[in-house]
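Peer 1: my questions concern the predicted model and sequence given below.
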Amino acid sequence: MTHGLPLQDGEQVLLIDQRGKRHLIFLRKSETFHSDRGWIPHDNVIGQVEGTWIRSSLGLRYLALRPTLGEFVLEMPRGAQVIYPKDLAMILFWADVFPGARVLEAGTGSGALTLALLRAVGTDGRVITYEQRDEFARRALANIHMRLGQVNNLTVRLRPVEDGLPEEEPVDRVLFDLPEPWKLTSLVASVLRPGGIFMCYVPTIIQSHELSETLHREREWALVETFETLMRPWNIEGQSVRPFHRMVAHTGFITLARRVVPAEGAAPPRLGQAESGE
């Protein structure tokens, strides 16, 4: 990324009209952006400072900005449903993905979580991602290269994660976007270092319940918790202060657990007891 520099040929830009409609485009010399509000030559955008207003052929204004990662995720091509930015933000923080971490992901999908993980671990970290479907992996890699260019700290494995886990070196974090993660908890425990965090993202509470029950039964896990993220925007304009009529409510459930060293006869602590002070 070229933050602080003028918008350049070959990079992404988000053109936002005064209605708030967004267009994610690649700047290319001599090409033209067309919409119902007129056309804009890319040459009129290239060389401008980020945050500049650009006039279309009809005299209507567009704001030119580099897309944030969240904006890119919502606008990028999809081969599978993406994890929404509101959940990506919570996952990165609650799974405590840190610079230099070694992270194993399963269920690459369109690459939204992979992108977020690559940025969080930095150049000293590594992301290992498993995806069984070749077309999804290709789309995810295209999105990753579109956003980050060539990356040297990503390993893509085109195989079921259950086949590859026994061969992996120890990792700091394991993140799954899979339909039946409870079938893999023992394998995960064998590759996730003690103190590491296991995170699963599933769409239904039935899946979350099955996963939580499994994690509570196994002595390698403690501090199991499940939550969802609800994000409600507000309209604040003059005397009108009200929540938006539409909100991004339920998208998925996030379940977290800490990998611990099993102890004979000791029941792992539960989060609810610690929080209530009992």
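Peer 2: Looks like it came in fine.
Peer 1: residue 54 is in contact with residue 44, correct?
Peer 2: Yes - the pair residue 44 and residue 54 passes the contact test of Cβ atoms under 8 Å, sitting 5.9 Å apart. The way it works is simple: take the backbone N, C-alpha and C, and place the C-beta from them, glycine included.
Peer 1: residues touching residue 168, list them.
Peer 2: 104, 128, 191 (Cβ atoms under 8 Å, 6 or more residues apart in numbering).
Peer 1: pLDDT on stretch 204-215, on average?
Peer 2: Here stretch 204-215 scores 98 as its mean pLDDT.
Peer 1: with stretch 265-278 instead?
Peer 2: On average, stretch 265-278 scores 59.
Peer 1: what's the neighbour count on residue 11?
Peer 2: Number of residues near residue 11 (other Cβ atoms under 10 Å) recorded here: 14.
Peer 1: that one contacts residue 26, correct?
Peer 2: Yes - Residue 11 lies in contact with residue 26 (Cβ under 8 Å); the separation is 7.4 Å.
Peer 1: in helices, which of the contacts of residue 168 fall?
Peer 2: residue 191 (DSSP state H).
Peer 1: turn the contacts of residue 168 into CSV, columns for distance to residue 242, neighbour count and pLDDT.
Peer 2: Below are the contacts of residue 168 laid out as CSV (distance: Cβ to Cβ, whole Å; neighbours: other Cβ atoms under 10 Å; pLDDT from 0 to 100):
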residue, distance to residue 242, neighbour count, pLDDT
104, 44, 29, 98
128, 45, 22, 98
191, 49, 19, 98
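Peer 1: all helices for the stretch 1-150 of the chain, in order.
Peer 2: Counting by DSSP state H, counting those that start in this stretch, the stretch 1-150 of the chain has helices at residues 42-45, 69-75, 85-94, 112-121, 134-148.
Peer 1: now the phi/psi pair for residue 167, please.
Peer 2: phi -100, psi -10 (degrees, to the nearest 10).
Peer 1: show the pLDDT at it.
Peer 2: Predicted confidence (pLDDT) for residue 167: 96.
Peer 1: do residue 45 as well
Peer 2: 97.
Peer 1: can you tell me which residues contact it?
Peer 2: With contact taken as Cβ under 8 Å, 6+ apart, residue 45 is in contact with 7, 13, 15, 27, 33, 54, 64.
Peer 1: give me that answer again for 6 Å
Peer 2: 7, 27, 54, 64 (Cβ atoms under 6 Å, 6 or more residues apart in numbering).
Peer 1: how much space is there between it and residue 79?
Peer 2: Separation of residue 45 from residue 79 (Cβ to Cβ, to the nearest Å) stands at 29 Å.
Peer 1: next: residue 108.
Peer 2: 9 Å.
Peer 1: these two: which is more packed in?
Peer 2: Applying other Cβ under 10 Å to residue 108 and residue 79 shows that residue 108 carries more neighbours, namely 27 against 19.
Peer 1: just the pLDDT for the more buried one.
Peer 2: Looking at residue 108, its pLDDT reads 95.
Peer 1: now do the strands in the stretch 151-278 of the chain.
Peer 2: In the stretch 151-278 of the chain, the segments counted as strands under DSSP state E, counting those that start in this stretch are 154-157, 171-176, 192-202, 221-227, 234-237, 240-243, 253-259.
Peer 1: as CSV, those strands with distance to residue 270 and mean neighbour count would be great.
Peer 2: Formatted as CSV, the strands of the stretch 151-278 of the chain follow (distance: least, Cβ to Cβ, whole Å; neighbours: other Cβ atoms under 10 Å):
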stretch, distance to residue 270, mean neighbour count
strand 154-157, 34, 17
strand 171-176, 21, 25
strand 192-202, 16, 21
strand 221-227, 7, 18
strand 234-237, 35, 9
strand 240-243, 34, 9
strand 253-259, 11, 23
